[in-house]
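1. next comes the sequence, and after it the predicted model I'd like to discuss.
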Amino acid sequence: MDEFEQELKQALERRPAPPSLKRKVMARRARSSEPAHPFLWMRLAASIVIVLLLGGGVRWQIEKQQEKRRGEEARQQVFTALRITSQALNQVKIRLAAHDRKPEE
Amino acid sequence: MAHDWQPDFERLVDEHQSMVYSLALRMTGDRGLAEEIAQDVFLELDRHLRKIESPEHACFWLRRVAMSRSTDALRKRRVRGMDLWVALEDQHGLAAEEKSSALGIRLEYLMTTLPESQRAALVLRYQEDLLPEEIAAILNAPVATVKSHLQRGLKLLRAKAASQLKEFIRGA
């Protein structure tokens, strides 16, 4: 190492850090370890409530539609049963009428 | 790898704040920016503390990240270090302990006029007293490239000093 390099080495000795550096680092570190937002849990709770309400509403709507469909099916079954009964009664009526005509012949 | 050393963040800040700040200052020539960079480097260290395996690893990691963040900051600002240095000297002056060697101050000033890669190599060589192999590891560059930057940087600095600092060299 020649004289110039020695001079350069002396010129580039470490400088003391500003006295505030450590304090600022520790303060920023403390801030970064705090919760991101003091009301974060409230936001989270509100979000959960909204999701539950929406989910409940959707489920209620689906159940209502299913109930309506079941009612419609039951109604159709009643109509079908009535049709069958009506047809059976008609046949009975026809047979009775035929039976009533036989003695006359 | 098993290791008994437990990193103590506050102690690491105490031990290395001067090194990190000086590296950032020599690279950027801006005291405010250097302090910001040093803060960011230590906060990043805090986030990576579990990965630090030894005091030597901590020192290597800090040097590497300080150099990297300084380079990033310079690119972001797109301002030449020399201009910043002049502005700082004009506005704030130098602290009393920093006025010990006029030639040293001028050499420091001339350092900021060197190309970034040469300045990085010279700062690590003469501030941190590192070998080219160690500098190469920190800058993530081939050893031959680092040696070239050191030689060219030193040559350029000598030339600048010879043309601009004659009176100081004679007086030294």
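-> Yep, that arrived.

2. ok, then the element right after the host helix or strand of B:Gly32?
-> Taking DSSP states H and E as the criterion, B:Gly32 maps to helix B:31-47. Downstream of helix B:31-47, the first helix or strand assigned by DSSP H and E is helix B:55-77.

3. tilt between that next one and helix B:31-47?
-> For the pair helix B:55-77 and helix B:31-47, the angle between their directions (axes from the mean of the first three to the mean of the last three Cα atoms, to 10 degrees) equals 130 degrees.

4. tell me what helix B:55-77 is packed against?
-> Where contact means 3 or more Cβ pairs under 8 Å, 6 or more residues apart in numbering or on different chains; DSSP states H and E, helix B:55-77 is packed against helix B:9-28, helix B:31-47, helix B:116-122, helix B:132-139. To be clear about C-beta, it is placed using only N, CA and C from the backbone, and glycine gets the same treatment.

5. format these as TSV; extra columns: mean neighbour count, mean pLDDT and distance to chain A.
-> Converted to TSV, the helices and strands packed on helix B:55-77 look like this (neighbours: other Cβ atoms under 10 Å in any protein chain shown; pLDDT from 0 to 100; distance: least, Cβ to the nearest Cβ, whole Å):
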stretch	mean neighbour count	mean pLDDT	distance to chain A
helix B:9-28	21	95	4
helix B:31-47	21	95	5
helix B:116-122	22	95	8
helix B:132-139	19	96	14
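
6. make CSV out of these and add distance to A:Thr80.
-> Formatted as CSV, the entries for the helices and strands packed on helix B:55-77 read as follows, by distance: least, Cβ to Cβ, whole Å:
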stretch, distance to A:Thr80
helix B:9-28, 80
helix B:31-47, 72
helix B:116-122, 89
helix B:132-139, 87
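
7. find the centremost residue of chain B, please.
-> Most central residue of chain B, judged by C-alpha distance to the mean C-alpha position with Cα atoms, centre = their mean, is B:Leu23 at 2.3 Å.

8. B:Tyr126 is in contact with that residue, correct?
-> No. With contact defined as Cβ atoms under 8 Å, B:Leu23 and B:Tyr126 do not form a contacting pair (11.8 Å).

9. quick one, helices of chain A?
-> Using DSSP state H, the helices found in chain A span residues A:3-11, A:20-33, A:40-104.

10. quick one, which of the ones you listed gets closest to B:Met111.
-> Between B:Met111 and those, the shortest gap by Cβ to Cβ is with helix A:3-11, which sits at 7.8 Å.

11. and the closest one, what does it pack onto?
-> Checked by 3+ Cβ pairs under 8 Å, 6+ apart, helix A:3-11 has helix B:102-111, helix B:143-164 packed alongside it.

12. if we use 7 Å, what do you get?
-> Judged by 3 or more Cβ pairs under 7 Å, 6 or more residues apart in numbering or on different chains; DSSP states H and E, helix A:3-11 is in contact with helix B:102-111.

13. pull out the buried positions in the helix it packs on.
-> For helix B:102-111, the neighbour count (16 or more other Cβ atoms under 10 Å in any protein chain shown) marks B:Leu103, B:Gly104, B:Ile105, B:Arg106, B:Leu107, B:Glu108, B:Tyr109, B:Leu110, B:Met111 as buried.

14. just to revisit the earlier point, chain center to the helix holding B:Gly32, what's the gap?
-> Averaged C-alpha coordinates place helix B:31-47 at 13 Å from its chain's average position (Cα atoms, centre = their mean, to the nearest Å).

15. ditto for stretch B:44-54
-> With Cα atoms, centre = their mean as the basis, stretch B:44-54 stands 21 Å off its chain's centre.

16. could you do stretch A:12-30 as well?
-> A distance of 49 Å separates the C-alpha centroid of stretch A:12-30 from that of its chain, computed with Cα atoms, centre = their mean.

17. ok, for the closest residue to chain A within chain B, nearest residue in space, not its chain neighbours?
-> Distances between chain B and chain A by Cβ to the nearest Cβ are smallest at B:Gly104, namely 3.5 Å. Nearest residue to B:Gly104, sequence neighbours excluded (Cβ to Cβ, 6 or more residues apart in numbering or on different chains): A:Ala11, at 3.5 Å.
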